[in-house]
Each structure stands twice: as structure tokens, then as C-alpha cells.
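Student: I'd like to go over a predicted model; first the sequence, then the structure.
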Number of protein chains: 2
Amino acid sequence: MSTAKSATDYRALLTAQIDKLRALNSENAPAAAVKTELAELNRLSDEFAELSVKKGGKIQLKTPKGTRDWEPLSMSLRKHVFSTIERVFTTHGAVTIDTPVFERKEILAGKYGEDSKLIYDLQDQGGELCSLRYDLTVPFARFVAMNPTEYGNIKRYHIAKVYRRDQPAMSKGRFREFYQCDFDIAGAHDAMVPDAECLCVLVEILDALEIGEFTVKVNHRKILDAVFAVCGVPEDKIRTISSAVDKLDKSPWTEVRREMVEDKGLDGAVADRIGTYVQRRGGRELIDELAGDADLSANARAVEGLEDMRLLFAYLDVYGVADRISFDMSLARGLDYYTGVIYEAVTAASAPPQPASDAPAKPKKGKDDEIDESTVGVGSIAAGGRYDNLVGMFSGSKKPDAVPCVGVSIGVERVFSILMQRIRDAQARGERTSVRPKEVEVFVMSMGDGLLLERMQVAKQLWDAGIKAEFLYKRKPKLQAQFAVVDKDQVPFAVLLAPGEWAAGTVRVKQQLGKDEAGGDKGEEVPLKDLTSYLLERISALNKQ
Amino acid sequence: MSTAKSATDYRALLTAQIDKLRALNSENAPAAAVKTELAELNRLSDEFAELSVKKGGKIQLKTPKGTRDWEPLSMSLRKHVFSTIERVFTTHGAVTIDTPVFERKEILAGKYGEDSKLIYDLQDQGGELCSLRYDLTVPFARFVAMNPTEYGNIKRYHIAKVYRRDQPAMSKGRFREFYQCDFDIAGAHDAMVPDAECLCVLVEILDALEIGEFTVKVNHRKILDAVFAVCGVPEDKIRTISSAVDKLDKSPWTEVRREMVEDKGLDGAVADRIGTYVQRRGGRELIDELAGDADLSANARAVEGLEDMRLLFAYLDVYGVADRISFDMSLARGLDYYTGVIYEAVTAASAPPQPASDAPAKPKKGKDDEIDESTVGVGSIAAGGRYDNLVGMFSGSKKPDAVPCVGVSIGVERVFSILMQRIRDAQARGERTSVRPKEVEVFVMSMGDGLLLERMQVAKQLWDAGIKAEFLYKRKPKLQAQFAVVDKDQVPFAVLLAPGEWAAGTVRVKQQLGKDEAGGDKGEEVPLKDLTSYLLERISALNKQ
């Protein structure tokens, strides 16, 4: 450590470094050279800020805003949810990959439209500029573009954390660090076959997770484009009008129309024509209706989109999931990279509370700049679509859709909230739940004189047989203290060591049925040499119950 | 997107922002205010740099320096390794937690000594200053300090990525993003009982991973401290002399002595005395030897340390692992927070190649500032120790060791390299390996006329029964194209649909024994309604082989 610098020292160092930077910039030094000196300025400023913090006193014990710790019970639930999802993914033949948590900044640039401002950047400490991944789709496309021969045709899943500097609403499962579970199919295949499988996977997962009723909304970018063209939306307004349409799940049509006309300067008659389309939803009959629409049926993109939708519903029928899917013409989705079918799953709990008036539901800010969480919904629980040109954006191939892709992403944070609430409710009713933080099967205890080395010996014998076992890390523990652990952790079996029995080569095994019943039963005496096989049998019998 | 700015625009914006910063600093504005304006300067500089990049042309397709993608085969191996490690952890009764990938910067400050410079910082985008986690131990201590009542007594494991801006040597498993697998016991327990279990866990894991011969070196901070005191090392030189001693695994004593005397100004006679201690290694007999040393036995810390070591070896004996452990007096470990026993596991492959001369093995730099990987070792494969005051550093409790801890961390990257090499060797010999990227059990194919909807129907029937199944995403695939996938992915069963048989309600099931044997066997005709149970039986029989 260097000698401590004073605040005055830092002021002088900062000024000198600022002047250096100013001179470089005036001389039109290359941007990279400016960045290098700026990195040194950042370092000085950080050191200076730390000095102020140290003076300020003690460390604030918390996780960064919008992030959380996962305590043992949450982790057990997370394992359960991930293994359920992973089982569906692998049943459909997917392999898995992983990518670094940060990417070179240029990889993420220009992929997320207005949401790019939510990307976390790493500080420039010399070397490359990097950002934390914002989703798993862009890193996947980068991976495929880097390995076109080996992985230009791949069905992969990826379960990992992503990062967004959004306003958190933690009780609603909206975090800055959160998990996504993605399933994507890359490669040139016959129309809508992979798309239908993605929707099938989505329905199978939401069913398997048992989170209650859900709806999967589906739309098609080509149909949306055609609607805007047919209604006469000027080219430069399409994106902003599209994002207004996307709000129809939260706001009434009158409000969306007002936004289009008043805020975005759209002609009122054009808005009204849009309204006749985007408020429609349904199933196959809606496809027929639209195919019969004179304007749309004259538009090539509409015809392509409707043909896709017809195929999609035929395939969804075979998969027996068509009745879970709603063709919803208001679904637009913000991401720049979608090119075909798009979809989104919502649960009853996903929607925000309805505002009393027709006014739009704007999140209210509470104290400490946090959103008032009672006023926001969690949005979709899963979403996805077809993105045929994203890999091409990286590989720079002449054929932009050389590696077409389609995929679905499950946002599991909301699933965690729903299921955790169910566990807490069960606990409150005093019920034993299948998801438990600790899986210990056997607690090894002494009935007198400590017998520490003997307990260690027995534990090791059990560990070597794969039996989950613990003992108290005390030389001479009290019997009560040992039973307290057994009760607290709901350990099903206790192995008791008593000096006399131990000398005779036996121990006592006692099944724990709950605190009240612990008193009378003295357990069964078992020779030490038979203990492992005896317990394996009892545990296996218990697990079958 | 705002209108594009020119380089000249950026120069002017940068100058203006620099001037603003200079003024603030001259006025002695608070460090936080300086940081806020600096953040804006960073943003401008980034935009400017991006402008230069865009002009430069196309995106570089690569992962950030020192990071890697995990392709499907690596992921299968990773799953296998993690489940092996996790099985040992949970067998010992550990629960698991997770923490955010980044922490508030002040949490990490002052924990890693000189290595603090390797910490990755997030850019200040307004809000808190954060850094990527450098290990899992400090976040664990922060978690325990935040939740002392609930988790002041916990045995937990944590398998997750950590980040270090070190010089990567990727072929040796040294990355900037890499996994740690940690097992720690927090709470006041009787001396050395948890410590012995950590070493037992370490040995069980390295055995279970089947990575070959290994040695676990153990030392004790109190004994090291006593040695330095007894030899007469001045207080202010202890840390730097300790780090010189730690190099004895890579350099001969003559070089370490030279560093102490010439580079660090230690008296030659003092160095010689140190040499008589730190070159010793052994088992229990070394404890007895040191206890008989007049100088050490007069030093209270030495007596405490030796008493700990005696207990430790007694417990390791009961666990049957004492012969895997070497008391090595040269082991020092760099981290600031260790207070008691320390340990490190090395494999034969961990050591760097021996230099021809007595000269120290310094990593040579090759092109592109990368280390010449042939000249470096990978260091330890696992390490850990007791850190009784780390939680207290956070909680600020009056008793610094209110929550004493001990733990071990497995560095699995090296394990991955060793095991992946073994898989590649087996593949080269044409052997089927148990770790496979893809687990598909059944491929559903048509023998004419496409039968796409029918293949979908069969696949869905199998998926619903949990059978891993795929089919080709083509309306009318060629038979050869379908068999090509079966061969490539080594899918054990093919289900064949032929128009005639399908009309009669049957399909054909064919076990795939390899390319050559595919010709003759026509498979078995199975009624569609019995297909699921038939396949479940066949798959189960196959897995038992």
C-alpha cells in the first residue's frame, strides 16, 4: 500500500490529470488515447471517493440495488424449477451452451433499440470495452456466427443470469440481475415447424411448473407491418406507432389512440383504421377473417404472414396446444431483431392492477426513488419469436438470413415468486413441503461422554456410502442440543451412540417422526457393521412413501 | 437515436465536460459530485470511441480476453463435474446459497491485499459503485454478517463464476472468468472439528473426480507468525517475507533467500534461520519435532498452532485421510483474511515446468501480450483455510471472531482441462464416452411421403412420456438425411413411419447399433398405442447395460 494521500493531494492529482486530458483532446489525439488517460482519471476519482467513504464510517451491508441473495430455501426451489424446465428442454433434444457473463460492448450495440440505455458497462480498466449481457439471445447469435460450420444448425438451451439497469420492483420479481431460461432453434428448416415446437415447449413448461392459468399470445411481424402499410402509417412512424400498439395489454384503446394522435402526430383517420385491426384477437377464425380482408389480401407481406399463421395453427393442433394460444393483433414486442412470428405468455397475476379511471397506469415513485410496486405488473412470464437476421448481423454474410432462428425465453423470477408464496403458505399451515433447504438424512449423536471420534467414524462410514449425515461439532454435546438440530432440520433418522452399546459393537437407530413422538421410542439396536446397509434400506423405503 | 454527431462535435463536448469537471474540482466539490460529472465524461468518451470503431468497419467476433464459450460437450462435462462435487457437499449436510455476481465496491475493498488491482469494476452509470465478485468467500461473509441470527451457524456450498483481471493462460485453465466451488462452515464450534471436515471433503472430492495423484499441503498461520517472530523478522517485513516463502513451491531456497536479502533487505542471518524452518515438511512427526524446538515452544502462538495441528491430524486419522495430507511449512497463501490452518491441493500437473537453471521461472510474454503458456503452472487445484475475523470485519461486532469460519474452494477449471483431454483421447481412439453433448433417445423418421404431421404426433406422444425425441424439421425429408442425424448424434432408437403400416396403426422400432449394422435389421413392428411403454422398457434396459 502506498502512503495515504490527503484530500488536497487528490485535488491536485485530479487537476493535473484533467489538464492532461484537456490537452490531449485539444490536440485531437485518437479516441483510444483519450480513453487511456480517462481510465487513470477514473482510478484517481475512485480512490478519492473511497477516501471520503472511509472517513464517512462503516460499510453499508447490502446487496446492490435490484439484486438479491438466494438463501437456502430459495435455492432449493430454484433447483426444482430449473430441473423441471431443463427436463422439458432436453426431452425436446436440446443441448446446452454457456457464454461469458460479459461481452465486448460492440456485440450488444444496436440490438435493443431504446432499451440499450439499460445495459451495464464494465469500467474501462485498460483493454476491451465490455458490457454485462442483457439477454441470452444476442450472445447465442454471436456464438453461432463464430462457429457456423459446427453450430449453424443447433437446438440449444441456456439457463443463466442477465443484467438490466431497469427500475427494480423486487416484490413483483423485477430485478436488475435475473435469470432467463432460453430455448432456441437455429438453422434453415421448413416453415413454422421449429416455431410450433417452441410454442409447444413453452406450454409444456408452464404446465409442468404448475403456476396456474396462462395465455400465450401470438402475432406475426409481417402481419403487423402489413397492417401499418395498409392503414397508411408513414415509414418513419412505424416503430413508434408499433410501440404504442404494444401497450394495448395495459391501456384502453382510447388512450393508445390519444398517444398516437396527440403525442406522435399520427393522422386521426389512420389511427382509427389501425384500431379496427389491432383490437382483434382469436384463433384460426381470425386468420380466415383477415385473409378475406380486401386490403390485407392485396399485401404480399400479409399473405406471407397469414400463410405462416395457418401452418402454425395446424401444427399446434397436432401438438394439442392450439387452444392455449391466442392470435392477438396488439402484440408487437419492442426488440429490434424479430422478423416473423412473435409470442408472449401472461398469467392472471402478470397484469398490473386496473386503474380506476381511463388514465394510463403509470408506475408511481415512492420514497428512495423506488417504484411503488403496487402499481406495476410483472409483464410477460415468457416471450420469444423468430429472428432470422440476427446471426447475419454478426457474420456479415451476404444472405442476411443464412442462419434463421426462432426461440423462447422463460422469465422465471415471477415463477419463483408464485411458488415461494405457495411454500410459505404451506409452512404457515404447518405442512411439510417437498422443497426443503436441507437434505440431511441421518444425524449421528452421542448419549453420553461425547464420543467425538466415534461419531466422526460413523459419519465417515455413512458419507462413504453416499448417505447424507451430520453430527454436532462439539466434543461433549448435550443430548438436548443434538435433538434440537434433528427437529429443526427435520432429519428423518438419528443414530445414537452410547458407551456400553458402542463397546459391544452396536448403535441405536431411531426414526424421527416429529418432536412430540420423540419421547417413548428407544429405536432399534443395529450392529455397526450392518449400519450402512440398514440405513440405505430404511431411507429408500422412506423416499418411496 | 439522436442525430449522428461528428468527431468535431465530440471534441467540443468533451472539452466542455472536462472544463466543468476542472471547475468542480477546483471548487472542492464533494467527491461524489466529481464522480457524477466524470460519469458523463465517460459516456461521451465511449460514444466517441464507438464512432471511431464504426468507421473502422466490422465487429470483431470473439469473447472478451480471458473468457470462453462453453460448447455442448464442455457443458456435459461441466454438469458431470458439478454434480460429483455437489453430491459430496450435500452428503456432508451443506445447504447452498447464491449471491449477486457484483457487490458494492466497498464490500470487496481491503480483503485481497495486492491482488485488489485484479478486481473488475462496473462503470459508474449513476448510483452505487460495484465490482464483480473476486471470490465466493467475501460475499459469503457479507451474507452471514447481514443475517447473523438465521445464518450465523451455517454449512453452505456455492458453485459460481468469479472474476479476476489476471494475465490469462487459457490452455492451463487460467481464465478471467472461472468457476469456484466453495464449501464453508461458519459458527463457533470445538477446535479443528470443522477444519478436519473441510479437508475430508476436499480429499473425497478429488478422489471422486478421478483426476489422478494429488497432495494436500497444510500449514498454520500462527505457526508461520511464530517462526517469523522467533527468527527476528521485523514486524513491517512479515507480509513481504511471507509472500517470498510462499514461492518455495516454484523456486529453490537459494532464490527465495536471495529475494529476501537482496530485494527485501532482510538480514542474511535472519533469512538463514527462516530457511531452517520453512523447508521442512512431513506429518505428525514434524509436529513433535517443532514442539521440541526450544524457541518455538516458548512462543505462545506456536504452542496454540501446534496444538491445533495435533488435533487436526488426530481427526484426519479417524477420517482415514491423514496420509493424503502433508504439513508443509513453506505454505503461506497470500490472502489477508486467513487466521488459522491453511491448505492447498496440487496435482502433478499443477507445477510449472522446472527451469533448467536455478533461475526463477518467470512467465515469458509472447506475442499479443499473452503469456507463453508453456512456462507457467496452474498453481493449486483447491485451497482454503480458517478465517475467523472476516465476518466481524463486516458486522463491526466488538468480538472480531464472533462468527469464525473455515472453508475450502475447488478450482475446477484445471479439472475440466484434465477430464476434457481424457474425453478427446477416447474419441480419438473411437470409443464411446459416457459424457455426451446430446442425450436424445429416439429419432422419429418417415420412410416415404413425409408424414410430417404423423411424426409430430408420435414425437409429442414420446415427449409427454418424458422420452427424449427428435425428428427432422422437413416436410419431406430423405431417408438418408434422417439416418445421418441418427448416426451423428448416436441416437439409440429409431422409430420409422411408413404409410401402409401407419394406416394399420403400427410403427417400426429399430435399435441403432452403429452405422455398419444399420442395413439388414428391419426392426420390430409395434402398435402405436403400445409405443411409449415399449420404448420406456427398451431404454431402461439399455441404460442398465
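Tutor: Done, it's in.

Student: Let me know whether my guess that A:Phe483 is in a helix holds.
Tutor: Yes - looking at A:Phe483 with DSSP: H, G, I helix; E, B strand; the rest coil, it is inside a helix.

Student: what about it, distance to A:Gln490?
Tutor: Remark: distance between A:Phe483 and A:Gln490 (CB to CB, to the nearest Å) = 12 Å. In short, each C-beta sits where N, CA and C put it, glycine included.

Student: So for these two, which sits in the more crowded spot?
Tutor: Set A:Phe483 next to A:Gln490 and count neighbours by other CB atoms under 10 Å in any protein chain shown: A:Phe483 wins out with 17 against 13.

Student: confidence score at the more buried one?
Tutor: pLDDT, A:Phe483: 94.

Student: Can you tell me the closest non-neighbouring residue to the residue in the stretch 201-350 of chain A positioned nearest to chain B?
Tutor: Residue nearest to chain B within the stretch 201-350 of chain A: A:Val318 (4.5 Å; CB to the nearest CB). Among residues not flanking A:Val318 along the chain, B:Met456 sits closest, at 4.5 Å (CB to CB, 6 or more residues apart in numbering or on different chains).

Student: re earlier: any idea how many residues pack against the residue of the stretch 201-350 of chain A closest to chain B?
Tutor: 18.

Student: One more: A:Cys181?
Tutor: Around A:Cys181 there are 23 other residues, counting by other CB under 10 Å.

Student: Write down the beta-bridge partners of it, one by one.
Tutor: Per DSSP bridges, the residues bridged to A:Cys181 are A:Ile159, A:Ile410.

Student: ok, now which ones touch it?
Tutor: Contact partners of A:Cys181, counting by CB atoms under 8 Å, 6 or more residues apart in numbering or on different chains, are A:82, A:85, A:89, A:157-159, A:409-410, A:412.

Student: Near chain B, which residues of the stretch 151-300 of chain A? Just list them.
Tutor: The stretch 151-300 of chain A comes close to chain B at residues A:151, A:155-156, A:161, A:163, A:165, A:177, A:185, A:187, A:189-190, A:193-194, A:196-197, A:200, A:204, as judged by CB under 8 Å from any CB of the partner chain.

Student: if you set the cut-off to 7 Å instead, what comes out?
Tutor: Listed as neighbours of chain B in the stretch 151-300 of chain A under the rule CB under 7 Å from any CB of the partner chain: A:161, A:165, A:177, A:189-190, A:193-194.

Student: biggest separation within those, which pair?
Tutor: Comparing every pair within those by CB to CB identifies A:Arg165 and A:Asp190 as the most remote, at 40.4 Å.

Student: who's more crowded, those two?
Tutor: Between A:Arg165 and A:Asp190, counted using other CB under 10 Å, A:Arg165 has the larger neighbour count: 20 against 15.

Student: ok but that one is inside a strand, no?
Tutor: No - with three-state DSSP as the criterion, A:Arg165 is located in coil rather than a strand.

Student: Verify the contact between it and A:Arg176 for me.
Tutor: Yes - A:Arg165 lies in contact with A:Arg176 (CB atoms under 7 Å); the separation is 6.3 Å.

Student: quick one, what contacts the spatially closest residue to A:Leu206 that is not a sequence neighbour?
Tutor: Once flanking residues are discounted, A:Leu206 sits nearest to A:Phe214: 5.1 Å by CB to CB, 6+ apart. In this structure, A:Phe214 makes contact with A:206, A:345-347, A:381, judged by CB atoms under 7 Å, 6 or more residues apart in numbering or on different chains.
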